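A.B. asks: coords below, sequence missing:
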Ligand SMILES: Nc1ncnc2c1ncn2[C@@H]1O[C@H](COP(=O)(O)OP(=O)(O)O)[C@@H](O)[C@H]1O
Ligand SMILES: [Mg+2]
């Protein structure tokens, strides 16, 4: 499974700025990896910007219907672009809303459905979403989706493609090659101004994934060779989180 970070596939500093070149390169690597990959992408300057404008965050609460519609619309728009690029680079994307799939079907049947699609040579592609919880609407981070899907699908590994080379030691730019789930939970990390929890949430999800027996890899989405190695389970420059 691969998570293409919103910071990688868009320019987070500019609203609605998609990066076709980056997604092209990552798609080529996925296509040539010979791996069956489920792809989850973030919202970047599509989802986060719109969600924030309307005060929609990770805690469920009152949200204007127009804000829900626009945030979800922005994610579908980005997803459309990602899928178009994937198609150009020899992948057969099969887009779906994670919220709809997981909330309606439940984990076990989502897993067998995804396996069926993978067997047919399709690449299931999903994204961060807006969902209705009992107490209102909330944004669901792509990182949470990754963790939910990993729990039921039990992939060989999860690769997080980032706009940085891996996980830094606190207050430095030194990449930590290997971490355990327990160590990850103890790490001090700034949340950032991401609408869905930034690196803190990502690390919490990686700790859960690792504790469940699947290694989580953190690699730069700008270094296609490193991304490719991570995807294949080879040594790469970045961070591995194990149980
Ligand atoms: N310890 C850390 N190691 C690496 N990146 C960190 C760390 N703490 C904060 N960050 C920030 O987290 C960002 C990645 O999180 P985020 O923007 O949410 O990515 P994504 O768009 O993939 O979800 C990086 O750009 C980096 O600035
Ligand atoms: Mg994020």
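C.D. replies: Great, that's in hand. Quantities reported herein were computed from a predicted structural model and do not represent experimental measurements. Numbers count the residues shown, from 1 in each chain. Ligands and ions are numbered 1, 2, ... in the order given.
A.B. asks: quick one, helices of this protein?
C.D. replies: Remark: helices assigned in the chain by DSSP state H are 6-9, 20-32, 44-53, 65-88, 98-105, 107-119, 142-153, 181-186, 198-211, 224-232.
A.B. asks: Contacts for stretch 169-182, please.
C.D. replies: Contact with stretch 169-182 is made by 165-168, 187-189, 206-208, 210-211, 237-243, as judged by C-beta atoms under 8 Å, 6 or more residues apart in numbering. No exception for glycine: its C-beta is placed from N, CA and C like everyone else's.
A.B. asks: could you flag which of those residues are buried?
C.D. replies: 165-168, 187, 189, 206-208, 210-211, 238-242 (16 or more other C-beta atoms under 10 Å).
A.B. asks: quick check, nearest of the residues you listed to ligand 1?
C.D. replies: Proximity of those to ligand 1 (C-beta to the nearest ligand atom) peaks at residue 168, which lies at 3.5 Å.
A.B. asks: ok, which residues in the protein are in contact with ligand 1?
C.D. replies: Contact residues (C-beta under 6 Å from any ligand atom) of the chain with ligand 1: 5-7, 42, 44, 162-164, 167-168, 189-190, 192, 194, 198-199, 202.
A.B. asks: OK, contacts around the residue in the chain positioned nearest to ligand 1?
C.D. replies: Taking C-beta to the nearest ligand atom as the measure, the point where the chain comes nearest ligand 1 is residue 5, at 2.1 Å. Counting by C-beta under 8 Å, 6+ apart, residue 5 touches 41-42, 44, 142, 160-163, 221.
A.B. asks: How about residue 238?
C.D. replies: 165-166, 175, 177, 217-220, 226, 230.
A.B. asks: I'd like to know which helix or strand in the protein has the lowest mean pLDDT.
C.D. replies: helix 98-105 (a mean of 87; mean pLDDT, DSSP states H and E).
A.B. asks: List the contacts of that helix.
C.D. replies: With C-beta under 8 Å, 6+ apart, helix 98-105 has contacts from 40, 110, 113, 126-127, 129-131, 140, 145, 148-149.
A.B. asks: Now flag whichever of those residues is closest to residue 70.
C.D. replies: Nearest to residue 70, judged by C-beta to C-beta, of these is residue 130 at 9.6 Å.
A.B. asks: ok, how many other residues are close to the closest one?
C.D. replies: Residues lying near residue 130 (other C-beta atoms under 10 Å) number 26.
A.B. asks: shouldn't it be in contact with residue 136?
C.D. replies: No. Contact between residue 130 and residue 136 fails when scored by C-beta atoms under 8 Å: they sit 10.7 Å apart.
A.B. asks: any idea what sits nearest residue 27, other than its immediate chain neighbours?
C.D. replies: Of all residues not flanking residue 27 in the chain, residue 89 sits nearest, at 3.8 Å (C-beta to C-beta, 6 or more residues apart in numbering).
A.B. asks: Got the phi and psi for the one you found?
C.D. replies: Backbone torsions for residue 89, taken as degrees, to the nearest 10, come to phi -110, psi 40.
A.B. asks: The closest residue in space to residue 97 that isn't next to it in sequence: what's it in contact with?
C.D. replies: Leaving aside its sequence neighbours, residue 97 sits nearest to residue 129 (C-beta to C-beta, 6+ apart; 5.8 Å). Residue 129 makes contact with 72, 75, 97-99, 139-140, 145, according to C-beta under 8 Å, 6+ apart.
A.B. asks: let's see it at 10 Å
C.D. replies: Residue 129 makes contact with 43, 47, 71-72, 75-76, 79, 97-103, 138-142, 144-145 under the criterion C-beta atoms under 10 Å, 6 or more residues apart in numbering.
A.B. asks: buried stuff in stretch 134-154?
C.D. replies: For stretch 134-154, a neighbour-count test (16+ other C-beta under 10 Å) marks 137-150, 153 as buried.
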